[in-house]
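Undergrad: Requesting a structural model of the entry that follows:
(one chain, ligands or ions: 1)
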Amino acid sequence: MKGSSRRRLGQRVFTEQVRECRDKGYLLSSKKIGSGAFSKVYLARATPERIQHNAKLSADLQDKHHAMVAIKIVSTAEAPAEFSRKFLPREISSLNATYKHLNVVQLYETYQNSQRSYLVLELAARGDLLEHINSVSARRCCPGLEEDEARRLFRQLVSAVAHCHSSGIVHRDLKCENILLDEQGLLKLTDFGFANCSGLKNALLSTFCGSVAYTAPEILMSKKYAGERADLWSLGVILYAMVTGKLPFKERQPHRMLHLMRRGPTFRQGLSSECQDLIRGLLQLRPDARLDLQQVAAHRWMLPFAPALFCNVLGTAPEEPKFPTALDEVPRLKDPEPLGTLVQLQRPQRPGAHHDRTSEPTPAFGAPRLLQAHLRCSVASPGVGFRRPGAASCSQQPLSLCSISAAPKEARHCQVK
Ligand SMILES: Nc1ncnc2c1ncn2[C@@H]1O[C@H](COP(=O)(O)OP(=O)(O)OP(=O)(O)O)[C@@H](O)[C@H]1O
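TA: So this is what the prediction gives:
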């Protein structure tokens, strides 16, 4: 289709969406605040009548003193049948199950027709954690957040994940891009497309979900896994990213990734030993050796400010274990690459702007076919259509996390068994 016809079609579709939203009591703006594989997210305003008639909206917006929401429009007509049948309902039911926690994005309501589904969401207008880390790093001319800020955010994240787990939901795609910030700087966990409600307690899962850089080793090894423990690994990666501005393990091939994981994370100078200890506790290879959420909440790095916050969610603090720091017995690779090298890049602006990497060497240890497909998809070239984080005031380029976390949107859905 020619550019001008595509534009006309886009305009017509948008006009329909504006009308459909207006019929439901929302004034859709043309400001697009994000997009996913099959969705676009727009800024919108709830009408006073709608607020009055929707209990969730009125309860929440009253506290916020505004009427703005985010409307995620999912093009179900264009999405694969599996997406509409499986992932979208999963996202909606997970958001309903986790209502209502201060640090989990709220779903106010949904409506749909034969072409699309609309999710009316709490607005988190200050971008995601990845952008935040990058812009703070650029401003400070030093990668990562200050530990105090990281602590404040991480405590909110732990509280959100604890709430999900206690509501019977494992997220399975915890990463910096799925953590949004609102106008008050409050953290809001989002994107429950891979969430699973049977991943708790004794049930073991086998589906590979999420982004490789944040994925627990047991999943990379195609083992059956406990969803809660896998979420804890991802928390360790996120905390590492917060305080260092890098990813702890950055490799394309699963066997090399696993090798790095076995060696454990390395830390920048100046990072407190308490923070290092907490990260090590989360990045334990053996899922049952990993800290659980209670232990995380009670960890001494978490405590300096208002430890009482966690008492409601998590109960009392258990003993804090110690973690091995030495390299384990795995043989060294001949030519290990530097860990978590900073590269200048960002997420693709257009979903799907990725290179076909079919010529990549096949992972040697026999990763599942779908995981290999994911790896090929997820190593998007850093040069293509990436958006820069906030203005850099220093001579360095803006700092950012590595490209493996910026998986093209399609890739995230094509790999799930
Ligand atoms: N409630 C919100 N407030 C503000 N921005 C949002 C909100 N929800 C989503 N966004 C923005 O829209 C983007 C896409 O949203 P989301 O990740 O939910 O879509 P998705 O279709 O699930 O994406 P993916 O294909 O990555 O799974 C987010 O990265 C974020 O920038």
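Undergrad: for this protein, what spans make up the strands?
TA: Along the chain, the stretches classed as strands by DSSP state E are 26-35, 39-46, 68-74, 107-112, 117-122, 179-181, 187-189.
Undergrad: Can you give me the buried ones in the fourth one?
TA: Along strand 107-112, the positions that meet the burial threshold by neighbour count (16 or more other C-beta atoms under 10 Å) are 107-111. Quick note: C-beta positions are derived from backbone N, CA and C, even for glycine.
Undergrad: In its sheet, which strands sit next to that strand, and in what direction?
TA: strand 117-122 (antiparallel) (DSSP bridges).
Undergrad: between the partner strand and strand 39-46, how big is the angle?
TA: 60 degrees (axes from the mean of the first three to the mean of the last three C-alpha atoms, to 10 degrees).
Undergrad: excluding its backbone neighbours, what's nearest residue 49?
TA: Once flanking residues are discounted, residue 49 sits nearest to residue 25: 5.9 Å by C-beta to C-beta, 6 or more residues apart in numbering.
Undergrad: so what's the residue lying closest to residue 21 once chain neighbours are set aside up against?
TA: Leaving aside its sequence neighbours, residue 21 sits nearest to residue 28 (C-beta to C-beta, 6+ apart; 4.2 Å). For residue 28, the contact set (C-beta atoms under 8 Å, 6 or more residues apart in numbering) comprises 17-18, 21-22, 42, 44, 71.
Undergrad: Among those, which pair sits farthest apart?
TA: Greatest spatial distance among these (C-beta to C-beta): 22 and 42, at 12.8 Å.
Undergrad: higher neighbour count, the two?
TA: The neighbour count for residue 22 versus residue 42, taken as other C-beta atoms under 10 Å, is higher for residue 42 (23 against 13).
Undergrad: my read: that one touches residue 68, true?
TA: No. Using C-beta atoms under 8 Å, residue 42 makes no contact with residue 68, being 10.9 Å away.
Undergrad: what does the model give residue 251 for pLDDT?
TA: With respect to pLDDT, residue 251 has a value of 88.
Undergrad: again, but for residue 4
TA: pLDDT at residue 4 comes out at 87.
Undergrad: how near is it to the ligand?
TA: Separation of residue 4 from the ligand (C-beta to the nearest ligand atom, to the nearest Å): 27 Å.
Undergrad: swap in residue 164?
TA: Distance from residue 164 to the ligand, by C-beta to the nearest ligand atom: 15 Å.
Undergrad: gap between that residue and residue 172?
TA: Between residue 164 and residue 172 the computed distance is 10 Å (C-beta to C-beta, to the nearest Å).
Undergrad: what touches both of these two?
TA: With C-beta under 8 Å, 6+ apart, residue 164 and residue 172 have common neighbours 195, 231.
Undergrad: where exactly do the helices run in the stretch 51-200 of the chain?
TA: Using DSSP state H, counting those that start in this stretch, the helices of the stretch 51-200 of the chain run over 55-64, 81-82, 88-98, 129-140, 147-166.
Undergrad: do the same with the stretch 201-350 of the chain
TA: Going by DSSP H, counting those that start in this stretch, the stretch 201-350 of the chain shows helices at 217-220, 227-244, 254-263, 273-282, 293-298, 311-314.
Undergrad: Packed most tightly, which of these would that be?
TA: Scoring the helices of the stretch 201-350 of the chain by mean neighbour count under mean count of other C-beta atoms under 10 Å gives helix 227-244 as the most buried, with a mean of 25.
Undergrad: what angle separates that one from helix 254-263?
TA: 80 degrees.
Undergrad: show me the contacts for residue 164.
TA: With C-beta under 8 Å, 6+ apart, residue 164 has these contacts: 94, 98, 104, 170-171, 189, 195, 231.
Undergrad: got any ranges where the chain has weak pLDDT?
TA: Applying pLDDT under 70 to the chain flags residues 1, 198-210, 304-417.
Undergrad: Just list what the longest helix seen in the chain packs against, helices and strands only.
TA: Scanning the chain for the longest helix, with DSSP state H as the assignment, gives helix 3-24. For helix 3-24, the helices and strands in contact under the criterion 3 or more C-beta pairs under 8 Å, 6 or more residues apart in numbering; DSSP states H and E are strand 26-35, strand 117-122.
Undergrad: what inclination does that helix have with respect to strand 117-122?
TA: 60 degrees.
Undergrad: C-alpha coordinates for helix 3-24, PDB please?
TA: Listed in PDB are the C-alpha atoms of helix 3-24, where the atom choice follows Å, rounded to 0.1, in the frame of the first residue of the first chain:
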ATOM      1  CA  GLY A   3       2.200   5.900   1.800                       C
ATOM      2  CA  SER A   4      -0.700   8.300   1.200                       C
ATOM      3  CA  SER A   5      -3.300   5.500   1.200                       C
ATOM      4  CA  ARG A   6      -1.800   4.100   4.400                       C
ATOM      5  CA  ARG A   7      -2.000   7.500   6.000                       C
ATOM      6  CA  ARG A   8      -5.700   7.900   4.900                       C
ATOM      7  CA  LEU A   9      -6.500   4.400   6.300                       C
ATOM      8  CA  GLY A  10      -4.700   5.200   9.500                       C
ATOM      9  CA  GLN A  11      -6.700   8.500   9.800                       C
ATOM     10  CA  ARG A  12     -10.000   6.700   9.200                       C
ATOM     11  CA  VAL A  13      -9.200   4.000  11.800                       C
ATOM     12  CA  PHE A  14      -8.200   6.600  14.300                       C
ATOM     13  CA  THR A  15     -11.400   8.500  13.700                       C
ATOM     14  CA  GLU A  16     -13.400   5.300  14.400                       C
ATOM     15  CA  GLN A  17     -11.400   4.800  17.600                       C
ATOM     16  CA  VAL A  18     -12.100   8.300  18.700                       C
ATOM     17  CA  ARG A  19     -15.800   7.700  18.200                       C
ATOM     18  CA  GLU A  20     -15.800   4.300  19.900                       C
ATOM     19  CA  CYS A  21     -14.100   5.800  22.900                       C
ATOM     20  CA  ARG A  22     -16.400   8.800  23.000                       C
ATOM     21  CA  ASP A  23     -19.400   6.400  23.000                       C
ATOM     22  CA  LYS A  24     -17.900   4.800  26.100                       C
END
